[in-house]
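*Asks:* Predicted structure and sequence below. I'll ask about it afterward.
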Amino acid sequence: MAQTRDTAPLRTYSYLGPRGTFTEAALAQVPEAVGQNWRSVNNVGEALGDVIAGRSDGAVIAIENSIEGGVSVAQDALATMPGLRIVGEYLVSVNFVLVARRGTRLEDVKVVNAHPVAYAQCHQWMDATLPDHGHIPATSNVAAASALFETELADAAIAPPGIVDSYDVDVLAEAIGDNPNAVTRFLHVSRTTRIPEPTGADKTSLVAELPVDRAGALLELLQQFSTRGVNMSLIESRPIGDELGRYRFIIDADGHISDERVADALLGVRRFSPGVMFLGSYPRADKSPIVFDEKYSDDVFADARDWLRGLLAGESDVSSAQPSRAG
Ligand SMILES: O=C(O)C(=O)Cc1ccccc1
C-alpha cells in the first residue's frame, strides 16, 4: 500500500475519470483528498461501490446541475446503496467546447460523442448548429473526447475546455453550453457514520417514501419541515421502480441534524414515513449561514423540553412561565 513520509497510508478517493473531468475538478476542492490517491472510475455506481467495498475511503459524484436538474443515476444510487453518507458538497462551473480529430470541419460533423448530462446542456446549440446530428453517449466528458481516437463512430465530442491540454484535437466551437453560468453540484460521499461538525451553514439530506394511497401524504411530509421552521432547498421525486406510481422523495433541508428544529423534523418524518434514510448533514458549498425564525432556535426547543420534564417530575407549571414569543 502507498505510504506518506510519516508512514500514514494514503487514502483513496474514487471519481468519474479519466483525468480532466469536472468531477476531478470537484475532487480537487475536497481538502482531505489533496495529496491522496485518486482512483479514476467509469460510472457513479462504480465510485460508490468502491466506497461500500472499502476499496476507497470516499467518492465524489455529480448530483445536480443548474440546467439539467438532478442527476437521476446518482440520486437513485444514493437512495438504494445502504452504508453511504454525504460528508461535503462542492460546486464547479461547467462550460463546454466541441472538439474533433485534427482537420475535421464543423460542417462535416454528423455524429457527436457526449456524456448525456453534458449533451442535455448543449442541446440548443447542437440543434441550431447541427440539426441532423446523431449522439453517442459517453461515460464522461473526457471519455467523449478520448473515444475519438479509439473509433471513428463519432466525428466530434462535447468536452471541457481544458481538453486541449491532454488531447491533440481541433476546437470547432467554444462556449456551446446553453447557459454560460451553468454550475454542477458534486457530493463527497464516504462510509463514515461520523457526522461533520455543524458550521451554522449546513445542509441535511434524506430520502423518504410516502405512506401509500393516503390523501395529503405529500403535504404531510412537507409539514414536518414547515412546522419546525426548516426550509427545504431541494425536493425531487424518483420512481421507486417496483410499480408505476410509487415514488421516493430526495430532500435537502437547511440546517444540521444537531440543530433541534432539524432533529425534530427528522423525528416527524421517521414517525410518518414507511421508508426513510438519513444521507448526511454537511457544510453547504456556498457557506451561506442558515436563517431561521427565533422561535425555532435550539434554546426554545430546550426550554419546552425542560418544561415537559418538569411537569412529568411533578413540578408546578407556574414557575416555568416563559416570555411570550410573537408569531
Ligand atoms: O465530470 C465530468 O466531466 C462528467 O463527465 C460528468 C458531468 C457531466 C456534465 C456536467 C458535469 C459533470
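*Replies:* Yep, it's here. Everything quoted here is computed from the prediction, not taken from an experiment.

*Asks:* While we're on residue 5, how confident is the model there?
*Replies:* The predicted local confidence for residue 5 comes out at a pLDDT of 59.

*Asks:* try residue 178
*Replies:* pLDDT at residue 178 comes out at 94.

*Asks:* Likewise for residue 317?
*Replies:* Per the predicted model, pLDDT is 79 at residue 317.

*Asks:* which SSE is the residue nearest to it when sequence neighbours are not counted in?
*Replies:* The spatially closest residue to residue 317, leaving aside those adjacent along the chain, is residue 311, at 6.5 Å (C-beta to C-beta, 6 or more residues apart in numbering). C-beta coordinates here come from the backbone N, C-alpha and C atoms, glycine included. Taking DSSP states H and E as the definition, one finds residue 311 inside helix 298-312.

*Asks:* Quick check: the residue nearest to residue 317 vs residue 296, distance?
*Replies:* 22 Å (C-beta to C-beta, to the nearest Å).

*Asks:* Compare those two (neighbour count), which wins?
*Replies:* Taking neighbours as other C-beta atoms under 10 Å, residue 311 and residue 296 compare with residue 296 leading, 19 against 12.

*Asks:* show me what contacts that one?
*Replies:* With C-beta atoms under 8 Å, 6 or more residues apart in numbering as the criterion, the residues that contact residue 296 are 228, 229, 230, 260, 261.

*Asks:* check contacts around residue 45.
*Replies:* With contacts defined as C-beta under 8 Å, 6+ apart, the neighbours of residue 45 are 73, 77.

*Asks:* Name the helix or strand for it, please.
*Replies:* Residue 45 belongs to helix 44-53 when assigned by DSSP H and E.

*Asks:* can you pull the buried residues of that helix?
*Replies:* Judged by neighbour count (16 or more other C-beta atoms under 10 Å), helix 44-53 contains these buried residues: 44, 45, 46, 47, 48, 49, 50, 51.

*Asks:* Also stretch 238-251?
*Replies:* Neighbour counts using 16+ other C-beta under 10 Å place 238, 248, 249, 250, 251 of stretch 238-251 among the buried residues.

*Asks:* Output the contacts of residue 296 in CSV; the columns should cover pLDDT, secondary structure and neighbour count.
*Replies:* Written out in CSV, the entries for the contacts of residue 296 read as follows (pLDDT from 0 to 100; DSSP: H, G, I helix; E, B strand; the rest coil; neighbours: other C-beta atoms under 10 Å):
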residue, pLDDT, secondary structure, neighbour count
228, 98, coil, 22
229, 98, coil, 20
230, 98, coil, 22
260, 98, helix, 18
261, 98, helix, 24
